[in-house]
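# Below are the sequence and a predicted model for it; my questions follow.
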Amino acid sequence: MSSSSLQESSSSSAKMTEKHAVPQIGESFTILSWNLLRAVGAPLDEVVELARSVQPDIFLMQEAVDTFDRLPEILGGHYARIPLPDRIHGTACWSRFPFNRAPVSCALPSGLMVRRTAQLIDFSSFSIANVHLSHGQILNRRQLRRIAPMLRHHALVMGDFNLVGPTLLPGFNDVGPRAATHRMADMLPIRIDRCLVRGMTPLGTAVLPNQSSDHHPIRVTLQLEAPDRHRSFFQKFKDRQSLKGKG
């Protein structure tokens, strides 16, 4: 990034962080997710440009390297990155909102090649799991089931799912954009960047243009729903009917 670009980005820090109150019931926020493709994909200036143009409240990243640790210096806000075991890259989160506690790593059932983790982020009124799941279609669904009990009632799971078809995660709805976000083997367009929510209503979604990564960023705007004491029963009933229909 050039010095002039850095100066311009730094001067916008106040604007990027002026909304700092964590959303409560009935309030909304906008979240981005992007698999950056390690050190050979999207560089720091592309991430900063996207953040400044979209003005998200939260920006989740997968395959983020230590270059992106400069984001709070450039944009202000709050930031945490957790590398995968024995890897230079991992999941990272930039946020306007302060974390309720420091984000933590959650070990997931892993395959033979990579030991996977999820980045768990708590904002007190809701929580997030930032994920980069395995390619195995049984394994990545097991990983989702490991994550779900660790989250608040108002929660979302977002990132690179490497998953084709329904997620089969009871209590959560897949509300991310339906367009393709990646090309498998540079040929087949597939939708593997997802957003699952519980206790939230989607207000808008989009797949955004890509530059240097092999994934497109996705944007979702969500509103925290009011608690409903009947919701749990009816959600479980709906989930059971859904699974019967798939059987």
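That came through, no problem. Residues are numbered from 1 along each chain as shown.
# mind listing what the residue most central in space within the chain touches?
The centroid of the chain falls nearest to M158 when counting by CA atoms, centre = their mean (3.4 Å). Counting by CB atoms under 8 Å, 6 or more residues apart in numbering, M158 makes contact with I31, S33, L60, I128, A129, N130, V131, G176, R194, C195, L196, V220. C-beta: built from backbone N, CA, C; applies to glycine.
# cutoff 7 Å now
I31, S33, L60, I128, N130, R194, C195 (CB atoms under 7 Å, 6 or more residues apart in numbering).
# same check, this time on Q211
Here Q211 is in contact with A42, E46 (CB under 7 Å, 6+ apart).
# same thing with G26?
Neighbours of G26 in contact, by CB under 7 Å, 6+ apart: Q223, L224, A226.
# And the strands in the chain, which stretches?
28-35, 58-64, 78-83, 90-95, 104-107, 117-122, 127-132, 155-160, 173-174, 182-184, 188-190, 193-198, 200-207, 218-224 (DSSP state E).
# The shortest one pairs with which strands, and in what direction?
Spelled out, that is strand 173-174. strand 193-198 (antiparallel) (DSSP bridges).
# Output the below-cut-off pLDDT ranges for the protein.
Along the chain, the model assigns pLDDT under 70 to residues 1-19, 185-186, 228-247.
# Could you find the closest non-adjacent residue to I31?
Nearest residue to I31 in three dimensions, chain neighbours excluded: I58, at 4.4 Å (CB to CB, 6 or more residues apart in numbering).
# From S127, how far out is that neighbour?
12 Å (CB to CB, to the nearest Å).
# quick one, which of those two is more surrounded?
Ranked by neighbour count (other CB atoms under 10 Å), I58 and S127 place I58 first, with 24 against 20.
# Who is that one paired with across the strands?
The partner residues for I58, given DSSP bridges, come to I31, S95.
# Spit out the contact partners of it.
Neighbours of I58 in contact, by CB under 7 Å, 6+ apart: F29, I31, C93, S95.
# now, the most widely separated pair of those?
F29 and C93 (13.1 Å; CB to CB).
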